[in-house]
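Peer 1: fold the following, please.
(one chain, ligands or ions: 1)
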Amino acid sequence: MVGTPPLTPRALHQRLQSEGAGGRFCIAYSGGLDSTVLLHLMSTLAAEGVLRLRAVHVHHGLQPAADDWASHCVRVAGELGVACQVLPVAVERTSGEGLEAAARRARYAALSGVLEAGEVLLTAHHADDQAETVLLHLLRGSGPRGLAAMRGRRALGEHLLLRPLLPWGRQSLCRYASEHRLSWVDDPTNEHTGHDRNWLRHTLWPVLTARWPDVSDRLARAAHEQAEADGLLQDLAALDLARQPAGTGLHVPTLAALSGARARNLVRHWLLQSGVRPPPRARLEQGLMDLLQAGPDRQPVLSWPEGELRRYRDRIFRLPPGGPARWPVPELPWDLREPLVIPGIGELRLVPAEAGIPASLVAAAGLSVGPRRPGERACLDTSPGRRPLSRYFQEAGVPPWQRDRIPVLRQGGDIVAVANIGTERRYRQVPGYRLEWRDTGAD
Ligand SMILES: Nc1ncnc2c1ncn2[C@@H]1O[C@H](COP(=O)(O)OP(=O)(O)OP(=O)(O)O)[C@@H](O)[C@H]1O
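Peer 2: Here you go, the predicted model:
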């Protein structure tokens, strides 16, 4: 790129320092040219004592040569004085997302799983990878977030991922590799022009560079502009989110008062915040309109492979794909002494209340929690008779999909209390305790 210094260990070190990275790094080392160059540069810095370094090679087991690549990586890293861990992963071939995407997902999950606290992961993406990504996203019809392409830094779970070679192009890396007589492995699938990225690299790229030799720079500038625009859109979404009235989910009237584009921007931001990839544009446009315009008697759902949005009354909730998980077993023993965590469902604890469960029940025998049972009735408020639990849920505004998840406390089969709703009259005492329930399957 214009103004980029020659590729040297010093220039790389400056770049890492400008990112504020600490002194411990782990290289995602495929054995290909790009990560071999990165490994060599970094090993020079490690040998000078400037930083600490190790490498990890992910063994996808997808190609006949995979074992040889792993041995090659361990040997080359060892010659450079760097320990290299080989991580075997099982790639899900039937996930429907395509083999390449499944391999990538497995790779990043494995890499983030082995990082130690404070260690920064480095990948060897460079300026030409970036330019290809911009073009691929453009041809996919992406908006500013996609066209911003790869960021120099991003979060990887609890850790940090840096791409320190982004300012340098493929030519610089090739020059470095030949000057230092590096050896690397070539993945034969990189030649398959059936893959969009390879077709772009081998067929379109020579045509583009013949006409515009600085095409990588131009596309990097475009990506930078898009990243800035995307940042502004996120600022706007954060402002709109802060204006939402308190409560779970999104408040429909406040959302509906925004323009369509601004409401979609807010929903996208809200989903990304919880790590969910938003639906494709057309799906979101139509689906959000349905959610906002539904009559009070309807409960529309917008579903896509990564999640679901459901409306109930004046709120929109986000749920995992296929809806929330079901209770793991019909009843769980619980003696009330410690908070109870039910994985994928929620967390239950006992908190002091004006009136409620008597202290004498804490640690009593025969207590258990489970979901409601068909036709169950109880007296959970001041009204005289026993009423169906569904009536209490309706009155409390509990969305239908949460009703089979709210824990019911029983002793020997009799209802003692229903979390977040109330305590059965026969058990109620002043003062007492109530059951506080936080559903972790939707918000
Ligand atoms: N098998 C592997 N083991 C460790 N690191 C790898 C492996 N494959 C790729 N990487 C890392 O990921 C970088 C990008 O590799 P590549 O371009 O093949 O992946 P991609 O899937 O196109 O990119 P991305 O992973 O960002 O989506 C490499 O430079 C290397 O740092």
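
Peer 1: list the contacts for R405?
Peer 2: P324, R326, W327, I345, G346, P371, D439, G441 (Cβ atoms under 8 Å, 6 or more residues apart in numbering). Using the backbone N, CA and C atoms, a C-beta is placed for each residue, glycine as well.

Peer 1: I figured L284 hits P278, correct?
Peer 2: Yes: counting by Cβ atoms under 8 Å, P278 is a contact partner of L284 at 6.2 Å.

Peer 1: okay, and the common contacts of those two?
Peer 2: Common neighbours of L284 and P278 (criterion: Cβ under 8 Å, 6+ apart): V267, R268.

Peer 1: ok, the contacts of R405 vs L41, which is closest?
Peer 2: G441 (45.7 Å; Cβ to Cβ).

Peer 1: need the nearest residue in space to the closest one, chain neighbours excluded.
Peer 2: Of all residues not flanking G441 in the chain, P324 sits nearest, at 3.6 Å (Cβ to Cβ, 6 or more residues apart in numbering).

Peer 1: please convert the buried members of the contacts of R405 into ChimeraX selection syntax.
Peer 2: The following ChimeraX line selects those of the contacts of R405 that are buried, judged by 16 or more other Cβ atoms under 10 Å:
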select :324,327,345,346,371,439,441
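
Peer 1: the helix or strand containing E308 pairs with which strands?
Peer 2: Remark: E308 resides in strand 307-312, with elements defined by DSSP states H and E. The strands beside strand 307-312 in its sheet (DSSP bridges) come out as strand 301-304 (antiparallel), strand 315-319 (antiparallel).

Peer 1: quick check: domain ranges of the chain?
Peer 2: 9-218, 243-319, 332-439 (automatic domain parsing).

Peer 1: rounded mean pLDDT for the first one, please.
Peer 2: In this case it means domain 9-218. For domain 9-218, mean pLDDT rounds to 94.

Peer 1: check the second one too.
Peer 2: Domain 243-319 shows a mean pLDDT of 94.

Peer 1: W401 contacts A325, correct?
Peer 2: No: assessed by Cβ under 8 Å, W401 is found out of contact with A325, at 10.7 Å.

Peer 1: look at these two and report which has more neighbours.
Peer 2: W401 (19 against 15; other Cβ atoms under 10 Å).

Peer 1: contacting residues around that one?
Peer 2: Contacts of W401 by Cβ under 8 Å, 6+ apart are R310, L319, G323, P324, A442.

Peer 1: in JSON lines, list these along with distance to the ligand.
Peer 2: Below are the contacts of W401 laid out as JSON lines (distance: Cβ to the nearest ligand atom, whole Å):
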{"residue": "R310", "distance to the ligand": "32"}
{"residue": "L319", "distance to the ligand": "28"}
{"residue": "G323", "distance to the ligand": "30"}
{"residue": "P324", "distance to the ligand": "30"}
{"residue": "A442", "distance to the ligand": "30"}
